[in-house]
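Participant: model this:
(chains A and B)
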Amino acid sequence: MGARSATKKFFQLPDFSRKPVFNFIAKRIGPFTGTVTLDRSRVYILPTKTGLMFLLLLLLLLLGSVNYSKSLGYVLTFILVGLGNVAMFTCWKNLAGLKLRAGGASPVFAGEKAVFAVQLENPDAQTRYSIAIGHHGEEFEVVDVPSDRVALAHFQVDAEQRGYLQAGRFRLHTEFPMGLFVAWTWIDLSMQCLVYPKPARSAELAAAASHEEGDQSMQGAGSEEFAGLRKYQEGDSWRRVAWKAVAQSADPVYGDLIIKEFSGGRPELQWIDWQALAVAGTEARLSAMTRLVLEAEQAGRHYGLRLPGKEIEPGHGRAHCAQCLKALALYGL
Amino acid sequence: MDFDRKKLLPVLIGIHMVALPMYTRLPPYVLLLIVAFTIWTLLIISGRVQQPVKFIRMLLAAAVVMSLIVSYGTIFGQMPGTSMVLMLSFLKLFEMKQKSDVLMVVFLGYFLIASNFFNTQSPWIAVYVFIVVIYLTSLLISFSDRLSTTTIQSRIRLSLRMVLQAIPLMLVLFILFPRLSGPLWSLPKDAQAKLSGVSDEMSPGSINDLISSGEVAFRVQFEGKAPAQKDLYWRGLVLSHYDGRTWRREDAQAKSRYDVVPANASVQTIAYTVTLEPHGRDWLYSLESPIAIDGPYDLTRELQLVAHRKINGSIMYKMTSNLNVFNKALSMQERQKNLLLPANLNHYTINFAKEKRSEVDSDLEYINSVLNYFTTEKFFYTLSPKLLGENAMDDFLFTTQQGFCEHYSSAFVYLMRAAGIPARVVVGYQGGTMNPLDDYMIVRQSDAHAWAEVWLGNRGWTRVDPTSAVSPDRIEQGIAQAGLEESRLPSFLVSENSFLMKLRFQMDSFNYNWNKWVIGFNDKKQRELFEMLGFRNIEKSKLFLWMVIIMTLSGALVALWVFIAKGKKEKEDISAYYYGVFCKKLAKSGLVRAPSESADEFLVRAAAVLPEQEKMMRLITSYYHAARYGNSQVARKNRFISLVKSFRGA
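Facilitator: Prediction:
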């Protein structure tokens, strides 16, 4: 439904809400939680450059009609005046009445772009076309919202540091139907996105690597006894996929991957420990630990996390990884 | 932004729609260029050629200017200007790179379409312009539809809806916008198209051309009963100068004002309103003799009604005439002027006149004997008379003896002058057809007529129509009954079957009201309208104020209505709303959900009654829970709505 357009600068209107005088506007912008209906006090409208050109056309037509006293000239001029009015109203209505809800944002790593989703719900019988969403003067996506449907619109925010990133105000605007007017609104839906620390580069990590040999060393594959096959589960290492068995199965899709299970040998175990890292500085340490978590997860090892004042028991899988990363992201905040 | 060249096609169609009514008026070079531009654009659209580079475009622009100079001799004026803007819109297609270029062409289209009104303001062109406006607006819609998800039908529908919604405001503005009585700057010479009507000179054949035209000359609304056909002499112009071939009007006439004969309370007074079609001349038509006029018009000593400028737009004026009042204005100078004959021509005619005059005692008897001559001799009323030689009167009176009103009136006046009686030719219209549907009279170009006026000492200027002596039916019943060979008459004059006749009257009635209320809506009409509504002498500034007030009020009303309607329709949650729709569908089969009943309880109860629907209802209920209370996924919510919509109930 929504095609992401190339990021494009749109005509940015003065940001009134920053000034204290315009506090009443800030009240309309939010932050809000839950569903926000764009009522008339939240939707603003002004003519576009095209709209001003249209106005010029109307003046020329009126001048011609007056001078040549052509009644049908007047009729044409006035019907276009009416059309301009209807266009203004239609444009305003294209946005007004829309219901907005926060649509969530997947966690990202610092230095990446956080993508926030907004749910646009159209409770009316008419499709709302070409609603663009943007943030800080940059337009990210254009969506249509069919009648009685919900559409998702996304915008991006640079995630500069770990922790919770507040999306802040975003802007919805539309020039539909005639491009003569632009209707827009600023809304803050108190959306936030979890930002993980930026993972350190593997090379940096190698120097600081400190696998605690012994209890967390990897078991040789040969020492394990093959115990049988089971279905793939999240977090299983790709190394353990029984490719032969997969090839033989009728429908080798992702969910049907088959994993070799071993018994006897202990699972691979790794502690990622704040104290054990020979890296200076909190952020650098967190970055390094993030990288370790990612690598451990990718390698399919069982791993635990030790942070000052917090310890996460060893485990594996997507949820476990997310838990570890979250702990790293929010450390000390 | 890269421009999709496929989008050029709808724009190209748009320009052609705008230009269509002009094609017949455009000169061949311009048409040739348009054809070339069209083919070129089609090639660009199909991807066979690239858009021309700037240098080529400049050459083409030069070609455009050249074609205009070759065709018109200038690039200024209404037609050259219009053609230039039209061709430049075509050129714009060649450099179309982005949205704003398209918008430019569409706006030029809105502007160009208005130039058709220079040519005609008929209801047909109005309908056509309406259609073009809808199309051009749909183009604007397609360019603000950023995802291109709308279909052409939905765009046209939206455009139509918006244009229809624009009509109320248009009407308010049309009625209330203050009209000026004159132009802001002087109009170019070619602002008006060629118009037909009686010309200011009469030579053999000039009226003949008009007879075959079914065009309306003017329409008349009588206050009271219309006079009889034989009294309907619509005086236009008096022609008193003859050079042996052509009758002309005196140049000085318009300047000498004539005081209108005071109206005595005669029963013969007729009041009427004339709606005159534009004829590009400065005179108006009135019944004999005009005694009161409402408007900025002069009455000359010859009782011609003259406007201060050419009638280039439809006008309406009120008249009062008295059929029994005679014009008694004849100065010595006028007497001499109306006795003048070209020298050394038509000797037979002059001798004939002198002879005839000497046979009788009075001028009146002489007139009768001349009319008698027309009746007794084998004079023949025909629309295709034989050509006349240098001595036109001699040829007509003694050799060919066949002709039309212009021949008879011309010969009659000649015979009068030859006998020393001041006489002159009058051209105008004779007769008219009542429109039975709308109680007004239509006078067509085919009613054009010429007759004579002679000076009789005791009465003043007296009308004599020699044509009536030859073909009395022409005067009594109108041209269609004049006993002419039917094949020579244009089809619209031949008696038709009643259905077609009725249809024609209906169309004319529509045209009449169109001209009266739409085209003719000027400052005067506007004033009249407000007087009718009880506002006398309303000032223009007040009118403007009223316009603003009414627009503001109606705008506020619309806004209020929208907000009220919105308040009623407010649905707190879309999922809850659609669950309600689901319950309503079930209620039709007798399953009414109790207010306290949960969705799951209701499901159990409904499943017991409608087991065959259980699976569907279970699905809807679970989607409802997910959509309403779950971590509302967009797809799930939309799926829920689709399910409810497709649910049939029992």
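Participant: any low-confidence regions in the chain?
Facilitator: This is for chain A. For chain A, applying pLDDT under 70 flags the ranges A:1-30, A:203-268.
Participant: you looked at the wrong chain, it should be chain B
Facilitator: For chain B, the ranges with pLDDT under 70 are B:1-3, B:181-196, B:205, B:209, B:212-213, B:251-268, B:473-498, B:562-573, B:629-633, B:649-650.
Participant: which residue is nearest the middle of it?
Facilitator: The centroid of chain B falls nearest to B:S122 when counting by C-alpha atoms, centre = their mean (3.0 Å).
Participant: Quick one: name the residues of the stretch 151-300 of chain A near chain B.
Facilitator: Contact residues, the stretch 151-300 of chain A versus chain B (C-beta under 8 Å from any C-beta of the partner chain): A:151-152, A:175-180. Every residue, glycine included, has its C-beta placed from N, CA and C.
Participant: where's the residue nearest to the centre of chain B relative to chain A, distance?
Facilitator: Computed with C-beta to the nearest C-beta, to the nearest Å, the distance linking B:S122 and chain A is 9 Å.
Participant: quick one, what contacts that residue?
Facilitator: Applying C-beta atoms under 8 Å, 6 or more residues apart in numbering or on different chains to B:S122 gives the contacts B:511, B:514.
Participant: Not counting residues beside it along the chain, what's closest to whichever residue of the stretch 151-300 of chain B sits closest to chain A?
Facilitator: Closest to chain A within the stretch 151-300 of chain B is B:A166: 2.8 Å, counting by C-beta to the nearest C-beta. By the measure of C-beta to C-beta, 6 or more residues apart in numbering or on different chains, the closest residue to B:A166 outside its immediate chain neighbours is A:G82, 2.8 Å from it.
Participant: that's a helix at that neighbour, yeah?
Facilitator: Yes. Residue state for A:G82 (DSSP: H, G, I helix; E, B strand; the rest coil) corresponds to a helix.
Participant: Report the contact partners of it.
Facilitator: Per C-beta under 8 Å, 6+ apart, neighbours of A:G82: B:165-170, B:173.
Participant: Helices of the stretch 51-200 of chain A, residue ranges please.
Facilitator: Here the stretch 51-200 of chain A has its helices, by DSSP state H, counting those that start in this stretch, at A:71-95.
Participant: same question, the stretch 201-333 of chain A
Facilitator: Remark: helices assigned in the stretch 201-333 of chain A by DSSP H, counting those that start in this stretch are A:202-208, A:243-248, A:282-299, A:318-329.
Participant: Can you convert those into a markdown table and add a column each for mean neighbour count?
Facilitator: Shown next, in a markdown table, are the helices of the stretch 201-333 of chain A (neighbours: other C-beta atoms under 10 Å in any protein chain shown):
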| stretch | mean neighbour count |
| --- | --- |
| helix A:202-208 | 12 |
| helix A:243-248 | 12 |
| helix A:282-299 | 21 |
| helix A:318-329 | 18 |
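Participant: Between the residues of the stretch 151-300 of chain A next to chain B, which sits nearest A:F32?
Facilitator: Among these, A:L152 lies closest to A:F32 (C-beta to C-beta), at 18.1 Å.
Participant: Are any of the contacts of A:G82 buried, and if so which?
Facilitator: B:165-167, B:169-170, B:173 (16 or more other C-beta atoms under 10 Å in any protein chain shown).
Participant: Now for those: which two are most distant?
Facilitator: For those, the farthest-apart pair by C-beta to C-beta is B:Q165 and B:L173; their separation is 14.2 Å.
Participant: got the contact list for the closest residue to B:S240 other than its chain neighbours?
Facilitator: With C-beta to C-beta, 6+ apart as the criterion, B:S240 has its nearest non-adjacent residue at 4.2 Å, and that residue is B:R424. Remark: with contacts taken as C-beta under 8 Å, 6+ apart, B:R424 is in contact with B:238-240, B:302, B:338, B:413, B:452-453.
Participant: So which of these are in helices?
Facilitator: When DSSP state H is applied, these are split such that B:V413 fall in helices.
Participant: Got a quick ChimeraX command for the buried subset of the contacts of B:R424?
Facilitator: In ChimeraX syntax, the buried subset of the contacts of B:R424 is picked out as below (16+ other C-beta under 10 Å):
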select /B:238,239,240,302,338,413,452,453
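Participant: Just list whatever residues bridge to the nearest residue to A:G168 once chain neighbours are set aside.
Facilitator: Computed as C-beta to C-beta, 6+ apart, the closest residue to A:G168 that is not its neighbour in sequence is A:D188, at 5.9 Å. Counting by DSSP bridges, A:D188 is bridged to A:R169.
Participant: what about A:D188, distance to B:M17?
Facilitator: 47 Å (C-beta to C-beta, to the nearest Å).
Participant: returning to what we had before: out of the helices of the stretch 201-333 of chain A, which is closest to B:P278?
Facilitator: helix A:318-329 (82.4 Å).
Participant: residues in contact with that closest one?
Facilitator: Residues outside helix A:318-329 that contact it (C-beta under 8 Å, 6+ apart) are A:107, A:162-163, A:194-197, A:234-235, A:272, A:286, A:289-290, A:293-294, A:297, A:303, A:305, A:307, A:310, A:312.
Participant: relative to helix A:282-299, how tilted is that helix?
Facilitator: 170 degrees (axes from the mean of the first three to the mean of the last three C-alpha atoms, to 10 degrees).
Participant: Using CSV, write out every CA atom in helix A:318-329.
Facilitator: What follows is helix A:318-329, C-alpha atoms only, in CSV (Å, rounded to 0.1, in the frame of the first residue of the first chain):
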residue,chain,number,x,y,z
ARG,A,318,16.1,-14.4,19.6
ALA,A,319,14.4,-13.5,22.8
HIS,A,320,17.4,-14.1,24.9
CYS,A,321,19.5,-12.1,22.6
ALA,A,322,17.1,-9.2,22.7
GLN,A,323,17.1,-9.4,26.5
CYS,A,324,20.8,-9.1,26.6
LEU,A,325,21.0,-6.3,24.1
LYS,A,326,18.3,-4.4,26.0
ALA,A,327,20.3,-4.8,29.2
LEU,A,328,23.3,-3.4,27.4
ALA,A,329,21.3,-0.6,25.8
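Participant: Give the full set of residues in contact with residue 94.
Facilitator: Here I'm looking at chain A. Counting by C-beta under 8 Å, 6+ apart, A:N94 touches A:128-131, A:174, A:176-177, A:183.
Participant: try chain B instead
Facilitator: Here B:F94 is in contact with B:37, B:40-41, B:44, B:51-52, B:57, B:60 (C-beta under 8 Å, 6+ apart).
Participant: now do 7 Å
Facilitator: By C-beta atoms under 7 Å, 6 or more residues apart in numbering or on different chains, the contact list for B:F94 reads B:51-52, B:57.
Participant: can you list the residues of the stretch 251-400 of chain B near chain A?
Facilitator: By C-beta under 7 Å from any C-beta of the partner chain, the residues of the stretch 251-400 of chain B that approach chain A are B:G313.
Participant: in the stretch 251-400 of chain B, what residue is nearest chain A?
Facilitator: Using C-beta to the nearest C-beta, the closest approach of the stretch 251-400 of chain B to chain A is made by B:G313 at 6.4 Å.
Participant: and that residue, that's in a strand?
Facilitator: No. Counting by three-state DSSP, one finds B:G313 to be coil, located in no strand.
Participant: Could you list the domains of chain B?
Facilitator: According to automatic domain parsing, chain B comprises the domains B:5-146, B:201-347+B:422-493, B:525-569, B:574-646.
Participant: Rebuild these as TSV, extending it with distance to A:S147.
Facilitator: TSV is the format used below for those (distance: least, C-beta to C-beta, whole Å):
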stretch	distance to A:S147
domain B:5-146	16
domain B:201-347+B:422-493	47
domain B:525-569	12
domain B:574-646	10
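Participant: All set, thanks.
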